[in-house]
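Engineer: how does the following fold in three dimensions:
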Amino acid sequence: MKDKHKTLIMATIMFNLGFVIWFSFAPFTGEIAEEFSLSVADLGIVASAAIIAVPLGRIIIGPLTDRYGADVTASATMLLVGTFAILSAFSQTYEVFTASRIVASLAGITFVVGIQHVSEWFEEDELGTAEGIYAGIGNAGAGLGAYLTLPRIFGENYVDPIFGSGFLAVSSNWRAAFFYTGVLALIVGVCYYLFTEPAKSK
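Structural biologist: The predicted model follows:
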């Protein structure tokens, strides 16, 4: 497989999973509010802070990607996001939960990293097709996270060997969703670094 195709596949996977994680808070707001005894205002703080963090993060990650290369920044981003998504799954206080979800929401900056990496590998006559695939499949992660996959896999009656019926006596569905998407982010972060190369021009 050519390097440009590996780059497109890995960038698309990263972007899609990033948006799954970014939008994964929405379908579980009821359970989270009940467990932490949160008001609508409390939930709004988490959601608003997570939304605000992404544009700021994109401003920062752009120059870092220029300097260190998309392969390095993509990997670092997914490792950071995955770590804090997992931390949020084990949080026992509103403060820890809010802080960890804000960092995990930086998964939304993956668009900037991936689009640069794809554009660096594809020539002008293929770039539109490549970016269309990347953006189309990647953006679908928002729907998968908020409306389709996560709410159905991790529904109200979901039972997990780690959470709920296992050694942690806590509600299982939203914690399991955050935990397993975090684990996937760690895997993608490692694979991105191992299986992609810096820009073709470098």
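
Engineer: quick one: low-confidence parts of this structure?
Structural biologist: Scanning the chain with the threshold set as pLDDT under 70 gives 1, 164-171, 200-202.

Engineer: helix, strand, or coil at the residue of the chain positioned farthest from its centre?
Structural biologist: Distance from the C-alpha centroid of the chain, by CA atoms, centre = their mean, peaks at residue 125 (30.3 Å). Here residue 125 takes the helix state, with states given by DSSP: H, G, I helix; E, B strand; the rest coil.

Engineer: and the gap between it and residue 153?
Structural biologist: Taking CB to CB, to the nearest Å as the measure, residue 125 falls 40 Å from residue 153. In short, each C-beta sits where N, CA and C put it, glycine included.

Engineer: could you do residue 131 as well?
Structural biologist: Taken as CB to CB, the span from residue 131 to residue 153 is 30 Å.

Engineer: more neighbours, these two?
Structural biologist: Ranked by neighbour count (other CB atoms under 10 Å), residue 131 and residue 153 place residue 131 first, with 18 against 12.

Engineer: from what I see, that one and residue 119 are in contact.
Structural biologist: Yes: with contact defined as CB atoms under 8 Å, residue 131 counts as touching residue 119 (6.9 Å).

Engineer: show me what contacts residue 191?
Structural biologist: Taking CB atoms under 8 Å, 6 or more residues apart in numbering, we find residue 191 in contact with residue 10.

Engineer: that's a helix at it, yeah?
Structural biologist: Yes: with three-state DSSP as the criterion, residue 191 is located in a helix.

Engineer: distance-wise, check it relative to residue 14.
Structural biologist: Counting by CB to CB, the gap from residue 191 to residue 14 is 9 Å.
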